[in-house]
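In: Take this sequence and fold it.
(chains A and B)
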Amino acid sequence: GESVGLHLPTLSVQEGDNSIINCAYSNSASDYFIWYKQESGKGPQFIIDIRSNMDKRQGQRVTVLLNKTVKHLSLQIAATQPGDSAVYFCAENINQGGKLIFGQGTELSVKP
Amino acid sequence: DAMVIQNPRYQVTQFGKPVTLSCSQTLNHNVMYWYQQKSSQAPKLLFHYYDKDFNNEADTPDNFQSRRPNTSFCFLDIRSPGLGDAAMYLCATSRDRDRGREQYFGPGTRLTVT
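Out: Residues are numbered from 1 along each chain as shown, chains lettered A, B, ... in the order given. Reported below is the predicted structural model:
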């Protein structure tokens, strides 16, 4: 079936460096692509989303890029901090409906 | 603070013994979701309620049922837990169906089946 998946299962970065987390998707009908952060022992937390007709959206220290040509989504975190250590999931939302389809996560580890 | 609360945080049940997990929310959101998350995997949607309208996922086993007696509460019933049902169960809410991309998750209930 259609799915959203990630290229890298783990990513280790030095504190202060920029992080890039990647995701490949296969469903071209998605209206929104979203990034969630899940810290250990907690539920996922919404970070940022991007509508399918956009290619870039910036938030506070985070930027999401969407390349529809190659069906690729990325999350960039600037000046990565220890508090950014978590598992990051990409997800898709179809037709503004209520459902999310999550991709496989990437664990981000920030070294002090 | 408005939030999504799940009780208990940890639940141990015996193989085949019915178990109920609960979720409550103070956000007054219309939509409530139940996800199953196994170790090192992504959350998998089981079903969701839009107000009182129940929406089951096609691949959710009949062993899993849900109830939403009012806006604030939603329950997940596992009628005959198997060893393969051991997982983290996450409850989430969204303000409305057109805001389903932004969901608010509870901390989860970790279910162990012995």
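In: roughly how far out does stretch B:101-114 sit from the chain middle?
Out: With CA atoms, centre = their mean, to the nearest Å as the basis, stretch B:101-114 stands 7 Å off its chain's centre.
In: Give me the pLDDT for the residue most central in space within chain B.
Out: Geometric centre of chain B, nearest residue: B:W34, 2.8 Å, by CA atoms, centre = their mean. Note on B:W34: pLDDT of 97.
In: Could you verify my assumption that it touches B:L46?
Out: Yes - contact criterion CB atoms under 8 Å: B:W34 and B:L46 qualify, at 4.6 Å. Yep, even glycine has a C-beta here, placed from its N, CA and C like the rest.
In: Identify the contacts common to the two.
Out: B:64, B:66, B:76 (CB atoms under 8 Å, 6 or more residues apart in numbering or on different chains).
In: By neighbours, which of these wins?
Out: B:L76 (24 neighbours; other CB atoms under 10 Å in any protein chain shown).
In: Leaving out the residues flanking it, which one is nearest to that one?
Out: Leaving aside its sequence neighbours, B:L76 sits nearest to B:L21 (CB to CB, 6 or more residues apart in numbering or on different chains; 4.4 Å).
In: in chain B, which spans are strands?
Out: Remark: strands assigned in chain B by DSSP state E are B:4-7, B:10-13, B:19-25, B:31-37, B:44-50, B:53-56, B:64-67, B:73-78, B:87-94, B:104-105, B:109-113.
In: Turn those into JSON lines, including distance to A:Q45.
Out: Converted to JSON lines, those look like this (distance: least, CB to CB, whole Å):
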{"stretch": "strand B:4-7", "distance to A:Q45": "11"}
{"stretch": "strand B:10-13", "distance to A:Q45": "21"}
{"stretch": "strand B:19-25", "distance to A:Q45": "15"}
{"stretch": "strand B:31-37", "distance to A:Q45": "14"}
{"stretch": "strand B:44-50", "distance to A:Q45": "17"}
{"stretch": "strand B:53-56", "distance to A:Q45": "24"}
{"stretch": "strand B:64-67", "distance to A:Q45": "23"}
{"stretch": "strand B:73-78", "distance to A:Q45": "20"}
{"stretch": "strand B:87-94", "distance to A:Q45": "11"}
{"stretch": "strand B:104-105", "distance to A:Q45": "7"}
{"stretch": "strand B:109-113", "distance to A:Q45": "18"}
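In: follow-up on the earlier one: any idea how many residues pack against the residue nearest to B:L76?
Out: B:L21 - counted by other CB under 10 Å - has 20 other residues nearby.
In: State the pLDDT value of it.
Out: 97.
In: before we move on, what about A:G97?
Out: 64.
In: Can you report how many residues lie near residue 101?
Out: Looking at chain A here, since you left the chain open. Neighbours around A:I101, by other CB under 10 Å: 20.
In: looking at chain B here, not the other one
Out: 24.
In: Find the helix or strand that the residue lying closest to it once chain neighbours are set aside is a member of.
Out: Leaving aside its chain neighbours, B:R101 sits nearest to A:N93 (3.9 Å; criterion: CB to CB, 6+ apart). Per DSSP states H and E, A:N93 falls inside strand A:86-94.
In: The residue of chain A found nearest chain B in helix, strand or coil?
Out: Closest residue of chain A to chain B, CB to the nearest CB: A:G43 (2.9 Å). When classified by DSSP: H, G, I helix; E, B strand; the rest coil, A:G43 comes out as coil.
In: Once you drop chain neighbours, what's closest to it?
Out: B:F105 (2.9 Å).
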